[in-house]
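**Q** I would like to see how this sequence folds:
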Amino acid sequence: MRKKMFLTLFCGLSIIFFISYCLIYIIFRSTLMNEIEQKQANLLAFNETIFTNYVDSFNMVPFQLINDEEFGKALNTDSPVYLKMFRAKVLIRKKFEKYLNQLLYSSSITCSFTFYLQKSIPLANYFDSQTLSDNSEMLTSQVYSTEAISQEEWYQRTMSVTWSPYFFLNEHTDELCYAKCIQNYYQQKPSKEGIGVIIIRIPVDSLFDKLSLESITPHSSIFLINEDDKILYQSGEPIENILTSDLTACGNERYSRTMKLASKKYIINTVSVNDDLFLTLLTPFSDIEAMARHSLRTYIWFSIFTYLIVILILYVISKKITAPVISFAHLMGKVEDSRTFDISRLSEFRDAELQVLCNSFLELIHRENTLIEQIYEENRAKRAAVLHALQAQINPHFLYNALDVVSWMALSRKNDDIADVISSIANLMHYSISHPDDTVSLRKELDNIQEFIRIYQLECPIEIQLNILVPDETILLQIQIPKFILQPLIENAILHNPDITSLLIEVHIKQSPEQLSITVIDNGSGADPEKLNAFLCYEETDLKVSNGFGIRNVNERIQLHYSNNSCLSYKKDLDGRLMAIITLFYP
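**A** I've put the predicted structure just below:
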């Protein structure tokens with residue numbers, strides 16, 4: 001009992017502890033996840049503002065060049081006089097130096113300008129032709145012809161979408177480049193290619209020093225992606241086989257979601273800067289779970305310590321509670337004879353509940369001792385009854401043997417009538433005392449009834465006719481019934497009609513697979529069937545009852561041998577004759 005009680009409390013407490021830890025872990029993990037998502041969103045919002053300001057500053061340069069009349073006239077210079085072309089060249093360089101200084105002042109960012117003049121413009125022939133990798137000096141403005149870069153990918157991409165800036169990474173110089181096709185209203189021969197392409201080059205380290213891109217967790221990653229899904233910048237833990245299109249699927253909306261990348265699950269926050277740049281922060285779920293476990297480590301150790309103390313307390317309490325019960329159980333187990341049990345030992349138990357058990361046990365002992373005494377007395381009476389019954393069996397057998405001697409003497413003296421009567425009496429007695437609890441064939445029961453009628457006719461010389469109505473005589477030998485369930489009904493028909501001179505008794509026998517029906521009808525005065533049925537049900541009635549087996553005895557023995565639906569009942573037929581009906585349902 002102690003073990004079961006302790007294990008029950010232990011398992012219950014363990015389940016509560018485990019469930020509470022899981023709930024706390026889930027709640028804390030969810031809270032931490034929401035906090036990280038919010039922190040990432042705030043960080044992205046802050047950097048989005050900075051990026052937007054930079055991009056707006058960059059966009060101001062092409063916008064100003066569109067309306068710069070002096071710049072447009074210089075571009076239109078086409079003269080065989082070298083001095084004029086030289087002056088136009090110097091003017092264009094000064095213009096770009098001016099715009100560079102404005103940008104440096106307004107944005108406080110380290111950068112340089114490179115302007116590629118379309119080779120179709122005559123002035124372009126007076127400028128050198130270099131690639132972006134040929135000159136990496138900062139805080140300078142350079143003007144070149146497009147001759148050397150016309151086949152480069154970034155240039156073709158910029159010229160394919162002239163209305164929008166294009167960001168790309170110059171891997172040779174590790175610079176983030178802003179490229180935009182330039183138009184000018186004052187150009188004499190405008191074309192869709194414009195006057196050229198302006199490149200604003202910013203060192204990657206210099207740009208991201210201006211931003212706040214610290215990692216949220218130890219393995220967080222930061223991506224800067226252009227509109228062609230190319231990675232311009234990446235910090236933090238590298239991710240293999242990443243599809244950048246999945247990271248930029250937000251369009252121009254801010255969004256947060258979870259995604260599985262390289263078999264690891266991440267929280268992803270992405271913002272778009274004018275649909276030209278996408279800044280994405282990725283935090284792996286493993287970091288969140290590690291942070292949650294680390295934060296809950298103190299709680300876990302404290303909980304385990306508390307859990308062990310509570311288990312120890314539960315063990316002590318369960319031992320204290322169960323010790324008296326176990327002692328009581330051991331005491332009960334040692335009881336071999338309630339008559340020799342020392343009831344004073346029950347006074348050792350002081351608990352109220354155990355005192356109730358002790359009082360109940362005392363009452364049980366008293367009842368058991370009383371029952372033992374009663375059983376002893378009943379056994380003694382039973383032995384006396386058995387001896388009396390054995391003695392009683394001697395007398396009928398002696399009388400039966402004596403009747404056989406008298407019958408033999410009557411036959412030897414040629415007194416056949418007396419011999420027949422004595423033989424009938426002997427047969428009745430033998431039928432009564434031999435195996436009284438056995439079943440007999442219906443034929444044997446009817447033969448015994450014939451013996452009774454023969455004896456009765458010696459006392460009352462009336463005419464008694466017994467008719468057996470059965471579909472097939474062979475079933476009389478097949479049907480087995482208890483002794484004396486039919487004879488009392490014939491006897492009642494004879495004894496309750498003493499004044500009739502000719503008595504006709506009919507026995508109707510009907511059999512089906514489910515039941516046997518035996519109906520006894522006589523032409524006597526009869527009785528009230530309702531009173532007889534009430535008498536069978538032990539109801540109050542003014543019916544006079546004679547001594548003998550009686551119809552109640554017959555009905556009860558029928559119900560003992562067969563199902564509860566089997567019974568004896570009375571009713572009258574269409575001619576007003578009393579019918580005693582025995583219905584036997586086969587089991």
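**Q** If you rank every helix and strand of this structure by mean pLDDT, what lands last?
**A** Ranking every helix and strand in the chain by mean pLDDT, DSSP states H and E puts helix 244-247 at the bottom, with a mean of 62.
**Q** partners of the next helix or strand after it, with directions?
**A** Next helix or strand after helix 244-247 toward the C-terminus (DSSP states H and E): strand 255-261. Counting by DSSP bridges, the strands paired with strand 255-261 are strand 264-273 (antiparallel).
**Q** Return the list of strands paired to whatever helix or strand comes next after the partner strand, each annotated with direction.
**A** Heading C-terminal from strand 264-273, the first helix or strand you meet, by DSSP H and E, is strand 277-284. As defined by DSSP bridges, the strand partners of strand 277-284 come to strand 221-226 (antiparallel), strand 264-273 (antiparallel).
**Q** In PDB, list the C-alpha atoms belonging to the first one.
**A** Yep, that's strand 221-226 we're talking about. Output of strand 221-226 as PDB, limited to C-alpha atoms (Å, rounded to 0.1, in the frame of the first residue of the first chain):
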ATOM      1  CA  SER A 221      22.300  36.300 -40.700                       C
ATOM      2  CA  ILE A 222      21.800  39.600 -42.600                       C
ATOM      3  CA  PHE A 223      21.300  39.800 -46.300                       C
ATOM      4  CA  LEU A 224      21.200  42.800 -48.700                       C
ATOM      5  CA  ILE A 225      19.700  41.700 -52.000                       C
ATOM      6  CA  ASN A 226      19.000  43.700 -55.200                       C
END
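**Q** what comes into contact with that strand?
**A** By C-beta atoms under 8 Å, 6 or more residues apart in numbering, the surrounding residues in contact with strand 221-226 are 166-168, 176, 213, 215, 231-239, 244, 247-248, 276-282. (C-beta placed from N, C-alpha, C; glycine too.)
**Q** how many neighbours does Leu104 have?
**A** 16 (other C-beta atoms under 10 Å).
**Q** Might one say that it is in contact with Leu139?
**A** Yes - taking C-beta atoms under 8 Å as the definition, Leu104 is a contact partner of Leu139 at 7.0 Å.
**Q** Between those two, which contacts overlap?
**A** Between them, Leu104 and Leu139 share the contacting residues Thr110, Cys111, judged by C-beta under 8 Å, 6+ apart.
**Q** The residue nearest to Gln511 when sequence neighbours are not counted and Ile518: what is the separation?
**A** Leaving out its chain neighbours, the residue that sits closest to Gln511 by C-beta to C-beta, 6 or more residues apart in numbering is Ile475, at 5.9 Å. Ile475 sits 11 Å away from Ile518, going by C-beta to C-beta, to the nearest Å.
**Q** again, but for Ser423
**A** From Ser423 over to Ile518 the distance is 27 Å, taken as C-beta to C-beta.
**Q** which residues touch the residue nearest to Gln487 when sequence neighbours are not counted?
**A** In this structure, Gln487 finds its nearest non-sequential neighbour in Ile449, 5.3 Å apart by C-beta to C-beta, 6+ apart. Applying C-beta under 8 Å, 6+ apart to Ile449 gives the contacts Leu466, Leu486, Gln487, Ile490.
**Q** So what does the second one have for phi and psi?
**A** Think Leu486. phi -110, psi -30 (degrees, to the nearest 10).
**Q** What is the burial count for Glu137?
**A** 8.
**Q** and it, how far is that from Ile199?
**A** 13 Å.
**Q** so how far is Leu75 from Phe96?
**A** To Leu75, Phe96 is 12 Å away according to C-beta to C-beta.
**Q** which of those two has more neighbours?
**A** The neighbour count for Phe96 versus Leu75, taken as other C-beta under 10 Å, is higher for Leu75 (26 against 21).
**Q** pLDDT score for the more buried one?
**A** Looking at Leu75, its pLDDT is 88.
**Q** Pull the contacting residues for it.
**A** For Leu75, the contact set (C-beta under 8 Å, 6+ apart) comprises Ala88, Ile92, Leu117, Ile121, Leu123, Asn184, Tyr186, Gln187, Ile195.
**Q** mind redoing it with 7 Å?
**A** Contacts of Leu75 were listed using C-beta atoms under 7 Å, 6 or more residues apart in numbering, and they are Ile121, Leu123, Asn184, Gln187, Ile195.
**Q** chain center to stretch 322-340, what's the gap?
**A** Relative to the centre of its chain, stretch 322-340 is centred 43 Å away, using C-alpha atoms, centre = their mean, to the nearest Å.
**Q** Please identify the buried residues of it?
**A** Under the neighbour-count criterion of 16 or more other C-beta atoms under 10 Å, stretch 322-340 has Thr322, Pro324, Val325, Phe328, Leu331, Ser338 buried.
**Q** could you dump those to JSON lines with secondary structure?
**A** Output for these, formatted as JSON lines (DSSP: H, G, I helix; E, B strand; the rest coil):
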{"residue": "Thr322", "secondary structure": "helix"}
{"residue": "Pro324", "secondary structure": "helix"}
{"residue": "Val325", "secondary structure": "helix"}
{"residue": "Phe328", "secondary structure": "helix"}
{"residue": "Leu331", "secondary structure": "helix"}
{"residue": "Ser338", "secondary structure": "coil"}
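**Q** how is this structure carved up into domains?
**A** Annotated domains of the chain cover 23-285, 335-434, 453-585 [automatic domain parsing].
**Q** Would you mind finding the most buried of the ones you listed?
**A** Each of the domains of the chain was scored by mean neighbour count; the highest is domain 23-285, a mean of 17, by mean count of other C-beta atoms under 10 Å.
**Q** what's the span of it, first residue to last?
**A** When the termini of domain 23-285 are compared using C-alpha to C-alpha, to the nearest Å, they are 18 Å apart.
**Q** Compute the inter-axis angle for the longest helix anywhere in the chain and strand 221-226.
**A** In terms of residue count, the longest helix belonging to the chain (DSSP state H) is helix 2-66. Angle, helix 2-66 to strand 221-226, by axes from the mean of the first three to the mean of the last three C-alpha atoms, to 10 degrees: 30 degrees.
**Q** what separates the helix or strand just after helix 2-66 from the chain centre, distance-wise?
**A** Downstream of helix 2-66, the first helix or strand assigned by DSSP H and E is helix 69-75. Remark: helix 69-75 is offset 82 Å from the chain centroid, using C-alpha atoms, centre = their mean.
**Q** following helix 69-75, which helix or strand comes up?
**A** helix 82-107.
**Q** average pLDDT for that following helix?
**A** Mean per-residue pLDDT for helix 82-107: 88.
**Q** so after it, what's the next helix or strand?
**A** Helix 82-107 is succeeded, C-terminally, by strand 112-117 (DSSP H and E).
**Q** Off-centre distance for the helix or strand just after that next one?
**A** Remark: after strand 112-117, the chain's next helix or strand is strand 141-145, criterion DSSP H and E. Mean-position distance between strand 141-145 and its chain equals 76 Å (C-alpha atoms, centre = their mean).
**Q** Can I get strand 141-145 as CSV, trimmed to CA atoms?
**A** Included here for strand 141-145 are C-alpha records, laid out as CSV according to Å, rounded to 0.1, in the frame of the first residue of the first chain:
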residue,chain,number,x,y,z
SER,A,141,34.5,62.2,-59.5
GLN,A,142,35.5,60.7,-62.8
VAL,A,143,34.0,61.0,-66.3
TYR,A,144,34.7,58.3,-68.9
SER,A,145,33.4,57.1,-72.2
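**Q** Could you double-check that Val440 sits in contact with Leu486?
**A** No - using C-beta atoms under 7 Å, Val440 makes no contact with Leu486, being 10.2 Å away.
**Q** hmm, back to that, so for the contacts of Leu75, which is the shakiest by pLDDT?
**A** Gln187 (83).
**Q** part of a helix, is His219?
**A** No - going by three-state DSSP, the assignment for His219 is coil, not a helix.
**Q** That one and Met291, how far apart?
**A** Per C-beta to C-beta, His219 is found 11 Å from Met291.
**Q** likewise Asp174?
**A** Asp174 sits 33 Å away from Met291, going by C-beta to C-beta.
**Q** for Ala329, same thing?
**A** To Met291, Ala329 is 54 Å away according to C-beta to C-beta.
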